[in-house]
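**Student:** Dropping a prediction and its sequence here:
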Amino acid sequence: MKVPGPFGTRRKNAAWLSDQSRPTRGRVRPAGRRYQWRWLALTAAVAVAAPLAWWATTRPTVPPPARLPSTVSIPFSASADTYVSSARPDVNRGNSPVLRTASRPKIMSYLTFRVSGISGTVTASTLRLWANVADLRGAAVHAAPGSWHEDSITASNAPAVGQAVALTGQVGAKTWVTADVTPLVAGNGVVSMALTQVGSGSGQYDSREGAHPPELVVQTTSGSRAPSPHSAAAVLRATIEAVPNATAYRYATQDDHGRSMDALKIISKPGGGYLGVYHNGPHGVFQVYVAESRDLLHWTSRALLDNDASQPAIAALSDSGYLLADEAHVNRAAKLRILRFRYYASLAALLSGRADRTNEASLTLAPGSAKAEGTPNIFSATLSPDLSHSRIVVGFHYRRPHGLDRPGIGVLTNFSSWSGRSDTALEAALRADGVSGAIGDRDAVSFLGAPLELVEAQAGTGSEWDVYLYDQRTHIATPLHIRTHQGSRSFGNPTVTSLRGPSGATALVFTLFLPVPAPNGEAGELVYYHTYSAGKSTGNPP
């Protein structure tokens, strides 16, 4: 059997046919010679047929791209909307043809939608507003859980709103503007939200009495094909487990300088291509780098981002900047490690390694010396509207002296105030599945409407690491049985990103670190991805 090399792309094998022999014409040969020719023909046929039969039974099969469940998008018009102003706190404007936002005086708008008749799982919800004027900063969308009535609400009795869940970004004049409000829509029912001004300035949008009324577009999986969170987890599980079935893969991934790209995290790059952050260094003294790629497999290093640091994570921000989080050694002799955050104001700043701001989080769950908090992943980063008014949520692990690595969740507020807590739900799910060792790095993805995490953990006290799939909705952790070409058994630093693949199709890209010793050619960073085609499907694994 031919052993796969470090690179791979699934291909179809071209079938071939042997030439058919033609009947002979002319004089009749003697019987003895006729039998001799028949024997030779039979021998030749067997010689040709045997390899063909072997090839037909052993050739690799190429299943079609995995097909995701079909989706349905249903628009809903606002059932009530208005705006209130602190300048005239007792005035009701329920019949106004416009919705307004402003910082001074404080003006905010309220909208209600009645979602009904949907089936299946809500996978996305988008608020659409027609903007009458341009606004450099745009509006923020909040949940408005209190009750209010269009014909009686004023600034004096308007319900309080929660933190922003979405931003419109910069708004142009006389055009539609959208905001992703998926967290506000769980299914059928009343959805109430509020709009506030981001930063200084003002905005104006058509109300339901205007020419272009607001819409809430709810996307769901349709009918009986709607996947539950369990089936979403099943699809993701089958996808990550089958490395040989990947659209493309690369073992022992290196950048153009020959550096191993350990703990690689990949995101899309504006304008096309991909960005990746990773660490590399001899004898455990790591440095963090950023690189670019066009095909997810070959990488060109661009800049050094951090010294004596490792386990990086990266996220693109709404202001066109980038956030880097990593595990930094601040006292190597005492084995003291903390979470370090760096902000890059632009893509150019990131690719040249010029951080505009840095924050080093204080130890909260593992205070004192000889303790560590590290291996961050970025769950969310919301700017309202800038870094000084932001909320960054990360996962990480912490370790006390003589203790095991355990999972935590932290919040960096306004890029200045840090708080952390134990992730008891994740730890309880892993312990319930038999994990008795350390719990380390992880990454998260929203897949088919289900919030899922990949987590590295040690089932026992040995050195091998396993990867678990954790469903945030059900709080169930399931061990993954990842199959590589040569049968590697230990996997760490899992990451997953949903993006557009090199072909333009939707793809899930995974990265895993395969420690030494590993089978021939597999040690190091593994990158592989699966592409999908849209269409009707039962949601079965690829």
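**Tutor:** Nice, thanks for sending it over.

**Student:** from here on, contacts and neighbour counts on C-alpha atoms
**Tutor:** Will do.

**Student:** what's residue 261 in contact with, if anything?
**Tutor:** By CA atoms under 8 Å, 6 or more residues apart in numbering, residue 261 lies in contact with 253-255, 278-280, 524-525.

**Student:** Check the gap between it and residue 488 for me.
**Tutor:** 18 Å (CA to CA, to the nearest Å).

**Student:** now residue 290
**Tutor:** When CA to CA is the yardstick, residue 290 and residue 488 sit 27 Å from each other.

**Student:** Also residue 295?
**Tutor:** 24 Å.

**Student:** Just name whatever secondary elements the lengthiest strand in the chain is in contact with.
**Tutor:** Of all the segments assigned as strand in the chain under DSSP state E, the longest by residue count is strand 71-85. Using 3 or more CA pairs under 8 Å, 6 or more residues apart in numbering; DSSP states H and E as the contact criterion, the secondary-structure elements in contact with strand 71-85 are strand 98-102, strand 107-115, strand 215-221.

**Student:** export those strands to JSON lines and tack on distance to residue 267, mean neighbour count and mean pLDDT?
**Tutor:** What follows is those, written out as JSON lines (distance: least, CA to CA, whole Å; neighbours: other CA atoms under 10 Å; pLDDT from 0 to 100):
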{"stretch": "strand 98-102", "distance to residue 267": "33", "mean neighbour count": "25", "mean pLDDT": "97"}
{"stretch": "strand 107-115", "distance to residue 267": "33", "mean neighbour count": "22", "mean pLDDT": "94"}
{"stretch": "strand 215-221", "distance to residue 267": "24", "mean neighbour count": "23", "mean pLDDT": "86"}
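
**Student:** want to throw the ones you listed into JSON lines with distance to residue 448?
**Tutor:** Formatted as JSON lines, the entries for these read as follows, by distance: least, CA to CA, whole Å:
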{"stretch": "strand 98-102", "distance to residue 448": "33"}
{"stretch": "strand 107-115", "distance to residue 448": "20"}
{"stretch": "strand 215-221", "distance to residue 448": "8"}
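
**Student:** Nearest to residue 75 among those strands would be which one?
**Tutor:** Among the helices and strands packed on strand 71-85, the nearest to residue 75 by CA to CA is strand 215-221 (4.2 Å).

**Student:** Give me the contact list for the closest one.
**Tutor:** 69-78, 113, 118-129, 226-227.

**Student:** Check stretch 152-166 too.
**Tutor:** If you take CA under 8 Å, 6+ apart as the criterion, stretch 152-166 is touched by 83-86, 88-94, 140-148, 179-181, 183, 194, 382, 384.

**Student:** Name the residues that touch the longest strand of the chain?
**Tutor:** 91-96, 98-101, 105-115, 149-150, 153-155, 158, 207-208, 213-222.

**Student:** Regarding residue 513, what is its secondary structure?
**Tutor:** Applying DSSP: H, G, I helix; E, B strand; the rest coil to residue 513 yields a three-state assignment of strand.

**Student:** Enumerate the beta-bridge partners assigned to it.
**Tutor:** When bridges are assigned using DSSP bridges, the partners listed for residue 513 are residue 492, residue 525.

**Student:** Please report how far it lies from residue 288.
**Tutor:** When residue 513 is compared with residue 288 (using CA to CA), they lie 16 Å apart.

**Student:** What pLDDT does the model give residue 463?
**Tutor:** Per-residue confidence at residue 463 stands at 77 (pLDDT).

**Student:** Distance check, it against residue 489.
**Tutor:** For residue 463, the distance to residue 489 equals 11 Å [CA to CA].

**Student:** which of those two has more neighbours?
**Tutor:** Neighbours per residue, other CA atoms under 10 Å: of residue 463 and residue 489, the larger number sits with residue 489, 17 against 11.

**Student:** What helix or strand is that one located in?
**Tutor:** Taking DSSP states H and E as the criterion, no element holds residue 489; it sits outside all helices and strands.

**Student:** Going forward, the N-terminal residue is numbered 38.
**Tutor:** With the count now opening at 38, the last piece we talked about shows up as residue 526.

**Student:** gap between it and residue 537?
**Tutor:** 29 Å.

**Student:** What of residue 566?
**Tutor:** Relative to residue 537, and taking CA to CA, residue 566 is found at 11 Å.

**Student:** repeat for residue 348
**Tutor:** The gap separating residue 348 from residue 537 is 24 Å, by CA to CA.
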